[in-house]
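[1] Quick one, structure for this:
(one chain, ligands or ions: 1)
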Amino acid sequence: MSDGLEDVVAAHTTLSDVDGVAGRLVIRGRSLDDLAGRMAFEEMVTLMLGGLLPGLPEGAELQAVLGAARASVFPIVLRASLPAGLSPVEALRTWTALIPDGEDAGTAVTLLAAPAVFTAAAVRRARGLEPVAPEAGLSHAADTLRMLGGDRPSAAEAAALDAYLVTVADHGLNASTFAARVVASTRAGLVSAELAGISALKGPLHGGAPGPVIDMLDAIGEPGDARAWLEAALDRGERLMGFGHRVYRVRDPRADALKAALRRLGADSARLVLAEAVEQAALAILRERKPNRPLETNVEFYTALLLEALGFPPEAFTCVFAMGRTIGWLAHAQEQIAGGRLIRPQSVYVGPRPMQAA
Ligand code: ACO
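    Numbering: from 1, shown residues only. Below is the predicted model:
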């Protein structure tokens, strides 16, 4: 048995390969460096799902179909009232559960489109604002930002969101993707697989970390205070959010892709200076304290800064992660369905046995 299934191989995939020693991410035969900042969400959908979902359109037709799908799910946020106090990711999960299940291309397109509508509506709901209806003719990234803020974004802002969504689209057999594959293997349908993915993603050890990164930066405040604050957090037994990874033993390549997107966006330079000071101090302290466990910057650290610069509040960062990762969840679900076998591992019973009759 392997604690946390570390190093256990549970699938063969043609989708992505995470090389944790070299710090490389390959997606469908291409390096992340060739993808992030160079293609839009729609093109990533085609790269990942092409050949896996018969009937999935490409190019301008895909953009139009996604736009129509955003419009088709918008009534859900108007009709389905939510209990007070739900976080944006809980709202995303609840509204997603109202989509009828299926394994066809139409269901997949709806699931690719829906998180943008639900995320923007959840953020606006938390701010006491009415949701903004989708504009079907826009690109997926541009319309997401428009539904969030009410105005059309600049081309640079839409490009930055595209860079983020492409960067996080897939990453081997991470916890949420594995959860999605397990559910898909039961043939429960793509909506059920998506719900499993969202549920696993929301934990702070997976996709729930970037919000706390912002809390950390805000609490530190000044670059000169980073070291003392980080030392105190570790002394309290806390983990530093945005650092460490199950697979990477070197820097997560997605961190650099997102930092480059942040620079292209021309984001607040004082914030970037603070973040770089915190990153350098954290890496130095972690090396001192955990000399035998390489703990490097992971994707969540610069995710926090990029999504903050685009106007998303920290409590919605996980929803935006889900927007991008839905591509990977669906591709893995389709691969699992095509492979055909139910995922059903064994456990070793270590509890008491019934008494033997004398
Ligand atoms: N800060 C401080 N110490 C850490 C950190 C961290 N961020 N991450 C790991 N460690 C320490 C642990 O305390 C442990 O020390 P010990 O052996 O002395 O007890 C050791 O490193 C190994 O930790 P594990 O929990 O076994 O490592 P695992 O591979 O299971 O965890 C994880 C990976 C969950 C990402 C972890 O590094 C972590 O909690 N990071 C902070 C949260 C975070 O950034 N999550 C986002 C991950 S990226 C993503 O999922 C998209």
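[2] What is the neighbour count of the residue in the stretch 51-200 of the chain that the ligand sits nearest to?
    In the stretch 51-200 of the chain, the residue found nearest to the ligand is N174; the distance is 6.1 Å by CB to the nearest ligand atom. Placement of C-beta: from N, CA and C, glycine included. Burial of N174, expressed as a neighbour count using other CB atoms under 10 Å, amounts to 23.
[3] Model confidence score at the most centrally placed residue in the chain, please.
    Averaging the C-alpha coordinates of the chain gives a centre point, and the residue nearest to it by CA atoms, centre = their mean is F321 (2.7 Å). pLDDT for F321: 97.
[4] so who does it touch?
    The contact partners of F321, by CB atoms under 8 Å, 6 or more residues apart in numbering, come to V168, L201, G207, P210, T303.
[5] Pull the most distant pair out of the residues you listed.
    When the contacts of F321 are compared pair by pair using CB to CB, the farthest-apart members prove to be L201 and T303, with a separation of 12.4 Å.
[6] More neighbours: the two, which one.
    With neighbours defined as other CB under 10 Å, L201 and T303 compare such that T303 has more, 29 against 26.
[7] Give me the three-state assignment for the closest residue to the residue of the stretch 51-200 of the chain closest to the ligand other than its chain neighbours.
    Spatial nearest neighbour of N174, excluding adjacent residues (CB to CB, 6 or more residues apart in numbering): H206 at 7.0 Å. Here H206 takes the coil state, with states given by DSSP: H, G, I helix; E, B strand; the rest coil.
[8] Is H206 in contact with A175, as I believe?
    Yes - taking CB atoms under 8 Å as the contact criterion, H206 and A175 are neighbours in contact, 5.1 Å apart.
[9] The residue of the chain found nearest the ligand and G149: what is the separation?
    Minimum separation of the chain from the ligand (CB to the nearest ligand atom) falls at G244, amounting to 2.2 Å. From G244 across to G149, the span is 33 Å (CB to CB, to the nearest Å).
[10] ok, back up a step: same list (the contacts of F321) but as TSV, adding pLDDT and secondary structure.
    Shown next, in TSV, are the contacts of F321 (pLDDT from 0 to 100; DSSP: H, G, I helix; E, B strand; the rest coil):
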residue	pLDDT	secondary structure
V168	97	coil
L201	97	helix
G207	89	coil
P210	75	helix
T303	91	helix
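[11] interface residues of the stretch 201-350 of the chain facing the ligand?
    With CB under 6 Å from any ligand atom as the criterion, the stretch 201-350 of the chain meets the ligand at residues 205-207, 209, 239-246, 290, 293, 295, 298-300.
[12] run the last query once more with 8 Å
    Within the stretch 201-350 of the chain, the positions near the ligand by CB under 8 Å from any ligand atom are 204-210, 212-213, 234, 238-247, 252, 286, 289-290, 293, 295, 298-301, 321.
[13] does the ligand sit close to the helix or strand L92 falls within?
    Secondary structure from DSSP states H and E places L92 in helix 88-96. No - applying CB under 8 Å from any ligand atom, one finds that helix 88-96 is not in contact with the ligand, the shortest distance being 14.0 Å.
[14] Can you pull out the residues in contact with that helix?
    By CB under 8 Å, 6+ apart, the list of residues contacting helix 88-96 from outside reads 73, 76-77, 80, 82, 86, 111, 114-115, 118-119, 121-123, 125-126, 191, 194-195, 198-199, 201-202, 208, 313, 315-316, 318-319, 322.
[15] Could you point out the helix or strand that follows that helix?
    Secondary structure here is assigned by DSSP H and E; on that basis, the next helix or strand after helix 88-96 toward the C-terminus is helix 105-126.
[16] quick one on the thing from earlier: out of the contacts of helix 88-96, which end up buried?
    Listed as buried from the contacts of helix 88-96 are 73, 76-77, 111, 114-115, 118-119, 121-123, 125, 191, 194-195, 198-199, 201-202, 208, 315-316, 318-319, 322; burial here means 16 or more other CB atoms under 10 Å.
[17] and this protein, what are its domains?
    Per the record, the chain has its domains at 33-205+314-339, 211-309, by automatic domain parsing.
[18] Distance to M1 for the ones you listed - can I get that in a markdown table?
    What follows is the domains of the chain, written out as a markdown table (distance: least, CB to CB, whole Å):
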| stretch | distance to M1 |
| --- | --- |
| domain 33-205+314-339 | 16 |
| domain 211-309 | 17 |
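[19] tell me the most buried of those domains?
    Between the domains of the chain, the one whose residues have the most neighbours on average, counting mean count of other CB atoms under 10 Å, is domain 33-205+314-339 (a mean of 20).
[20] Determine the residues that are contacts of both of H206 and A175.
    The overlap between the contact sets of H206 and A175 (CB under 8 Å, 6+ apart) consists of A200.
[21] how about low-confidence regions in the stretch 251-358 of the chain?
    For the stretch 251-358 of the chain, the stretches with pLDDT under 70 are 358.
[22] So which residues of it form helices?
    Counting by DSSP state H, counting those that start in this stretch, one finds helices in the stretch 251-358 of the chain at the ranges 253-265, 269-289, 299-309, 317-339.
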